[in-house]
Every structure is written in C-alpha cells, then in structure tokens.
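**Q** just to be clear, the model below is a prediction. Sequence and coordinates:
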Amino acid sequence: MVGAGLAGLSVATRLAAAGVDVHVLEAAAHVGGRLATERVDGFVVDRGFQVFNTGYPRAADLDLPALDLGYFVPGAVVRVDGAAHRVADPRRRPGAALDTLRAPIGSLPQKAAIAAFSARAGYWPVRRLLGARETSAAEHLRQAGVGTAALERFFGPFLAGVLLEDRLETSSRYLDLLWRSFARGATGLPAAGIQAIGEQLARRVGSDRVHTGVRVEAATGDGVTSDAGPVRADAVVVATDPGTATGLVPAVEASAPRQVTTHYHVLPSSPWTEPLIVLGTPGGRLVNSVVLSDAQPAYSPDGRALVASNSLAPTREADVRDEVARLHDVAAADLAHLTTVTVTGAQPAALPPLRHLRPVDLGGGLYVCGDHRDTPSIQGAMASGRRTAAAVLRALRPGTAGAA
Ligand SMILES: Cc1cc2nc3c(=O)[nH]c(=O)nc-3n(C[C@H](O)[C@H](O)[C@H](O)COP(=O)(O)OP(=O)(O)OC[C@H]3O[C@@H](n4cnc5c(N)ncnc54)[C@H](O)[C@@H]3O)c2cc1C
C-alpha cells in the first residue's frame, strides 16, 4: 500500500482482516492524509475546516462512538443586511421551522421546492438519482425551483464551502449524492480532531504494518522503490493524493485540484447559542465562518471559542478579519488570530460527467484508489478503498496468504 489516507487505510483494514500480509508506506509523519490535525496553543486545529458526515454510507466502517463526535445543527445562518436568519431542516429541527419560514431566502413555494429537493435527494434510491439527467449543480437547483434568493444566499455559499468552488459547476449527480448525506446524517467533529478518523483505521491495521516517513518513488505491480529501499509485493495499491498518483502511475488521470484557505481565530466566548455554520454574503471574500468549539467543545482548551473562516481564493488574515467580525456580530478587536492554513490540493473537482466509479484495478498486480476514483470526499476515499480491497482479494485468492 502506498499512502495512509482514508482510501489506503480502508484497503489495508480489509486486507489485514482477510489475513493478507499488508504493509502501508506513508510519506508523512502522520496517518490520515488530508485529514490532518495539530495543536496550536492548546486548540485542536484541523488542516482546513472539514467535517465528518454520519450520512455517508461508509460511516458504517467506523466506530463512531469512539470518535466522540460533537455535532453541528443541520442548517445554517444566513446574513441579509446585517441581520442573522436561521435556516434549518424543519424535519430535524422543528424548533427552527418558524425562523426558516421567515428567512429571506425566497417565497413559500420556493421554500417548498427546497424541502422537495431535500426529500428527493434523501429518499429516492441512489440508482434513480444517478439515472436523472446530468447537468451542473447550479442548473439542477434552478430546475428544482429553489429560486434566486436561495441560490445566492443559501445554496451558493453553503455548497461553495463543501465543493470548494463557487460557480456551482460541479456535477448535479454529485450534488444529489452529497445532499443525500446531509438529508440523512449529521455533520460533526471528532473530539481529538479530524485526524482521529485515520488514526482509528490505522490502529486496526496495526502499528507494525503502517510505516510513516517512507516516501515511495516508483511503483509497479511487483513492488515499490522507496527512500527506505525497494519492497517486493504480490500486489501494489497506490492510494496517494491525485497529483502524486498521476506521477507514480501514468495511466491515472486526475481532475483539477480545488483549494481553500482557513483562518482560525479565538474569541473570549461564543456569540451563538447553538452550533450553526454562518454563511458568507454575496460579494464577500469568505464562503463561511463557524465556531468549531460550539459543535465540539474539546477543540478549545479553556472554554474560549475557536472560529474557522474559509475563503476559496488565498486571503490574508487582515483581508478577512472585519468580515469574520461582521458574520458573528462581534468586535474585530475581540478576534485573536491563531493561525491560517491554505490547502492547495484539498480535493479534486467533480465536474459533469461524474465518473465516480473509475477503474481501480490497472492489471498486472497494480491498483489505484483514492477520492479521485470516486467522489472528492471522505466517503469517496473510503468507498474507493472498499472497491480496491475487493479487487485485490479477488486477485490474491481469499484465504491464502499474500503480500500487498
Ligand atoms: C481543507 C479540506 C477540507 C475538506 N473538507 C471535507 C469535508 O468536510 N468532508 C469530506 O467528506 N471531505 C472533505 N475533504 C476531502 C477529504 O479530506 C478527501 O477527499 C480525503 O481525505 C481523501 O483521502 P485519500 O485517502 O483519497 O487521499 P489523501 O488523504 O491525500 O491520502 C493520500 C496519502 O498518501 C500519502 N502519500 C502521497 N505521496 C506519497 C508517496 N510518494 N509515498 C508514500 N505516501 C504518499 C500522503 O501523505 C497521504 O497520507 C476536505 C479536504 C481538505 C483538504
């Protein structure tokens, strides 16, 4: 295995459970790949704002109670002319139904169209969703009748923060799959940070089988060359980020990478009474800003509020400080800057046509997996890992020992 991100670890857990002599070579000093966390002045700081969604089908592969997730309220705060409006899923947040009905994101029929859109994504069979005519996410929402106000004030900034693009040019099919997860699950943060997800999987593989600090320089179906020397194997799985995968395996093509900049600030206390994401406003630099410690109190060492604010284009803290203050209705002077992170290869684009089941078995004992084979998400990475493990096990003949 090359790479201990969620894709590689998802393969390795399955191969290890099947009795295969599997070893994972990971270039970084930590496991979990793009799900990375560090401590800054006692705060839990993820490498870019990211959340885990329990509606992902592959959530079934994790021990969720052990992650001790802290949850966001499903929905968002929309700011219009300075005033904050709660928009929440009335099925799951009946107390917010009146606020949602009053929120300036369109007429009642348009709000009914939003509810119908969510119900369709949440409860149609996946096969039927994927069988619908494909277009862009923006066109899909327009055709659903959600209206311009909801597009500009709610869907636009909400989806920009997830898809890491604000033209909503992403495939409507990916939007349907994503919205399905939001409609069915809850988003949360592990108490120890987002990296805890990868660490949980790595523990299942076994510390003697996951080798961090080892960079693979070349890979074939017979083995790899690494900076620690050559390794022979009956099967080799390249489970790196898309850019590295295209370098190691020329047959692999990857979509353009999306990027995001996250600014972390500390406030003396949270200005909110519940954990909700605050959406950026049209014309602003930020797509959203969120008090992480409202959802997951363990992110703060002492009860102060940890705020993450995201822009798609690289921004400097000084460029966004006033906007962060406006979104939370606090004084800019109260915001203490903790750190800023820009991730250039955050996730691959998912433009139409969505190719979410790209081949993982390249033949001759060489396999490739990662979010670039499925969808650009935790779900996509883990689903590609599952498909790849099945392909490797078929080739190595389950029940007999083999090395991977
Ligand atoms: C800022 C940000 C926000 C995100 N937000 C969300 C979100 O909210 N929800 C969501 O579902 N998804 C989100 N994602 C996407 C999600 O994190 C990724 O889709 C997923 O983690 C990809 O996993 P992977 O295993 O395919 O790749 P990676 O995590 O990139 O793992 C690849 C591994 O390979 C290693 N590697 C690379 N080259 C080599 C080499 N030569 N030798 C050995 N090892 C190598 C890397 O170090 C890495 O550990 C976000 C991503 C980012 C960066």
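**A** Nice, I can see it.
**Q** burial count for the nearest residue to D46 once chain neighbours are set aside?
**A** Leaving aside its sequence neighbours, D46 sits nearest to I194 (C-beta to C-beta, 6 or more residues apart in numbering; 4.5 Å). In short, each C-beta sits where N, CA and C put it, glycine included. The burial count assigned to I194 is 24, neighbours taken as other C-beta atoms under 10 Å.
**Q** can you check the one 10 residues further on too?
**A** Using other C-beta under 10 Å as the criterion, R204 is surrounded by 14 other residues.
**Q** pretty sure it sits against T13.
**A** Yes. Counting by C-beta atoms under 8 Å, R204 does reach T13; the two are 4.7 Å apart.
**Q** interface residues of the stretch 301-404 of the chain facing the ligand?
**A** 343, 346-347, 370-371, 376-381 (C-beta under 6 Å from any ligand atom).
**Q** go again using 8 Å as the cut-off
**A** 341, 343, 345-348, 369-372, 375-381, 384-385 (C-beta under 8 Å from any ligand atom).
**Q** could you list which of those belong to helices?
**A** Those of those mapping onto helices are 378-381, 384-385, per DSSP state H.
**Q** by neighbours, which of those wins?
**A** Neighbour counts for these, by other C-beta under 10 Å, peak at G385, which reaches 32 neighbours.
**Q** roughly how far apart are A138 and the ligand?
**A** Using C-beta to the nearest ligand atom, to the nearest Å, A138 is found at 20 Å from the ligand.
**Q** leaving out sequence neighbours, find the closest residue to that residue.
**A** Distances taken as C-beta to C-beta, 6+ apart put L168 closest to A138, at 3.6 Å, once the chain neighbours are dropped.
**Q** which of the three states applies to the one you found?
**A** What DSSP: H, G, I helix; E, B strand; the rest coil gives for L168 is coil.
**Q** was I right about it contacting A137?
**A** Yes. Using C-beta under 8 Å, L168 is in contact with A137, at 4.2 Å.
**Q** shared neighbours of these two, which are they?
**A** When C-beta atoms under 8 Å, 6 or more residues apart in numbering defines a contact, the residues bordering L168 and A137 alike are L159.
**Q** who has more neighbours, the two?
**A** Neighbours per residue, other C-beta under 10 Å: of L168 and A137, the larger number sits with A137, 27 against 20.
**Q** so what's the backbone phi/psi at the more buried one?
**A** Main-chain dihedrals, A137, degrees, to the nearest 10: phi -60, psi -40.
**Q** now do the same for it: its pLDDT.
**A** A137 carries a pLDDT value of 98.
**Q** other SSEs contacting the host helix or strand of R394?
**A** Per DSSP states H and E: R394 is located in helix 378-396. Counting contacts by 3 or more C-beta pairs under 8 Å, 6 or more residues apart in numbering; DSSP states H and E, helix 378-396 packs against helix 6-17, strand 52-53, strand 361-363, strand 366-368.
**Q** list the buried residues of the longest one.
**A** This points to helix 6-17. Within helix 6-17, the residues that count as buried by 16 or more other C-beta atoms under 10 Å are 6-16.
**Q** quick check: domain ranges of the protein?
**A** For the chain, the domain assignment from automatic domain parsing gives the residue ranges 6-35+195-255+351-396, 38-59+188-192+257-348, 104-184.
**Q** check the ones you listed for me and report the most buried one.
**A** The highest mean neighbour count among the domains of the chain, using mean count of other C-beta atoms under 10 Å, belongs to domain 6-35+195-255+351-396: a mean of 20.
**Q** what mean pLDDT does that one have?
**A** Averaged across domain 6-35+195-255+351-396, pLDDT comes to 96.
**Q** how far does that domain sit from its chain's centre?
**A** 18 Å (C-alpha atoms, centre = their mean, to the nearest Å).
**Q** got the end-to-end distance for that domain?
**A** When the termini of domain 6-35+195-255+351-396 are compared using C-alpha to C-alpha, to the nearest Å, they are 22 Å apart.
**Q** now the residue nearest to D46: which helix or strand?
**A** Applying DSSP H and E, one finds I194 in no helix or strand.
**Q** which residues touch it?
**A** Applying C-beta under 8 Å, 6+ apart to I194 gives the contacts 32, 35-37, 46, 50-52.
**Q** quick one: which of those is nearest the ligand?
**A** Distance ranking of the contacts of I194 against the ligand, using C-beta to the nearest ligand atom, places Q50 first at 3.2 Å.
**Q** for the closest one, which non-adjacent residue is spatially closest?
**A** Distance criterion C-beta to C-beta, 6+ apart; nearest residue to Q50, sequence neighbours excluded, is I194 at 5.4 Å.
**Q** can you tell me how far the one you found sits from T37?
**A** According to C-beta to C-beta, to the nearest Å, I194 stands 6 Å off from T37.
**Q** what is in contact with the two at once?
**A** D46.
**Q** what is the nearest of the ones in helices among the residues of the stretch 301-404 of the chain next to the ligand to G223?
**A** The nearest member of those to G223, counting by C-beta to C-beta, is G385 at 20.6 Å.
**Q** what sits against the residue lying closest to the closest one once chain neighbours are set aside?
**A** Using C-beta to C-beta, 6+ apart and skipping the chain neighbours, the partner closest in space to G385 is S10 (2.7 Å). S10 makes contacts with 58, 61, 201, 369, 381-382, 384-386, 389, as judged by C-beta under 8 Å, 6+ apart.
**Q** try it again at 7 Å.
**A** 61, 201, 382, 385-386, 389 (C-beta atoms under 7 Å, 6 or more residues apart in numbering).
**Q** just checking, L351 touches S172?
**A** No. Taking C-beta atoms under 7 Å as the definition, L351 is not a contact partner of S172, at 10.7 Å.
**Q** what sits in contact with each of the two?
**A** Counting by C-beta under 7 Å, 6+ apart, L351 and S172 have no contacts in common.
**Q** now the helices for the chain?
**A** Counting by DSSP H, the segments of the chain that form helices are 6-17, 64-67, 97-102, 108-123, 126-131, 137-144, 148-150, 156-163, 172-184, 196-205, 242-248, 292-295, 317-328, 378-396.
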